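Chemist: Test case, fold it:
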Amino acid sequence: MSEIRGVISDFGGVLTNPLAEGFAAMQRSSDISLETLGNAMVRLAEEDGAHPLFELETGRLTEHDFLERLGAAVSEDLGRPVELHGFGEAYFAELQPNQPMIERMRELRDRGYRMALLTNNVREWQPLWRTMLPVDEIFEVLVDSGFVGMRKPDAEIYELTLERLGLPAGACLFVDDIEANCDAARELGMTAVHFRETEQALGEIATALDGGPPLAAT
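Modeler: Modelled structure (predicted):
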């Protein structure tokens, strides 16, 4: 039987459809490629000495200022005016709950596992995404990078989550759709499942917790 007593889950891309689908929809509606946005952010990072997305996700940069600066940089690169305000609403309109994963998290809570949600997110977006799933019914701990001033894969945010759960790293299972975030959790001693698709993740979660055959999506 596994010694795991707590489960720490990511939000976007694990409890929702893939984040790339939201970005792709934004790209279609704005006619701005992800490559263009990425290049603009790299240039801003070089100018400021800090990546604007990381600053946004740790609450050191407001959504308004992030979109203002990024829009200006993209406008300069494309040679035409670009308006990015309203991106958050458009992005979340494309995200849908991953019901099989949400139900598995609820089942684990009912089985007595201590549950935490650990997300790299934007402070101003919390009202948008919290309405997508029953956060408070399933998770006793919520750690949102936009409010705690640190982000994955920095060790400090994992340590804060473990502290709030009251569990050591070795007693926790971590689930995330970004491999670097899983690697950082493993370095601290957690068991990690790199979410690539729902059936695969459900199976690996079942194996990690019960050592038995993978559980299918329901």
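Chemist: lowest-pLDDT helix or strand in the protein?
Modeler: Comparing every helix and strand of the chain by mean pLDDT, DSSP states H and E singles out helix 19-30 as the least confident one, with a mean of 70.
Chemist: List the buried residues of whichever helix or strand comes after that one.
Modeler: Using DSSP states H and E, the helix or strand that directly follows helix 19-30 along the chain is helix 34-48. Of the residues in helix 34-48, Thr36, Leu37, Ala40, Met41, Leu44 count as buried by neighbour count, 16 or more other CB atoms under 10 Å. Using the backbone N, CA and C atoms, a C-beta is placed for each residue, glycine as well.
Chemist: Helix 34-48 packs against which elements?
Modeler: Other elements packing on helix 34-48 under the criterion 3 or more CB pairs under 8 Å, 6 or more residues apart in numbering; DSSP states H and E are helix 52-57, helix 63-78.
Chemist: relative orientation of it and helix 63-78 in degrees?
Modeler: Here helix 34-48 runs at an angle of 110 degrees relative to helix 63-78 (axes from the mean of the first three to the mean of the last three CA atoms, to 10 degrees).
Chemist: which other residues reach helix 34-48?
Modeler: Contacts of helix 34-48 with the rest of the structure, by CB atoms under 8 Å, 6 or more residues apart in numbering, involve Phe23, Gln27, His51, Pro52, Leu53, Glu55, Arg69, Leu70, Ala73, Val74, Asp77, Leu78.
Chemist: which residues of the protein score low on pLDDT?
Modeler: Of all residues in the chain, those with pLDDT under 70 make up the ranges 1, 22, 25-30, 212-218.
Chemist: Tell me which stretches of it form strands.
Modeler: With strands called from DSSP state E, the chain shows them at 6-9, 114-119, 141-144, 172-176, 191-194.
Chemist: Could you list the domains of this protein?
Modeler: What the record gives for the chain is the domain set 6-17+96-210, 20-92, from automatic domain parsing.
Chemist: Please work out which of those is packed deepest.
Modeler: Counting by mean count of other CB atoms under 10 Å, domain 6-17+96-210 has the highest mean neighbour count of the domains of the chain, with a mean of 19.
Chemist: what's the distance between that one and the middle of its chain?
Modeler: Between the mean C-alpha location of domain 6-17+96-210 and the chain-wide mean there is a distance of 8 Å, by CA atoms, centre = their mean, to the nearest Å.
Chemist: Quote the end-to-end distance of that domain.
Modeler: Domain 6-17+96-210 stretches 13 Å from its first residue to its last (CA to CA, to the nearest Å).
Chemist: Most distant residue from the centre of this structure?
Modeler: Among the residues of the chain, the one whose C-alpha is farthest from the average of all C-alpha positions is Gly79, by CA atoms, centre = their mean at 32.8 Å.
Chemist: tell me the contacts of it?
Modeler: Neighbour list for Gly79: empty [criterion: CB under 8 Å, 6+ apart].
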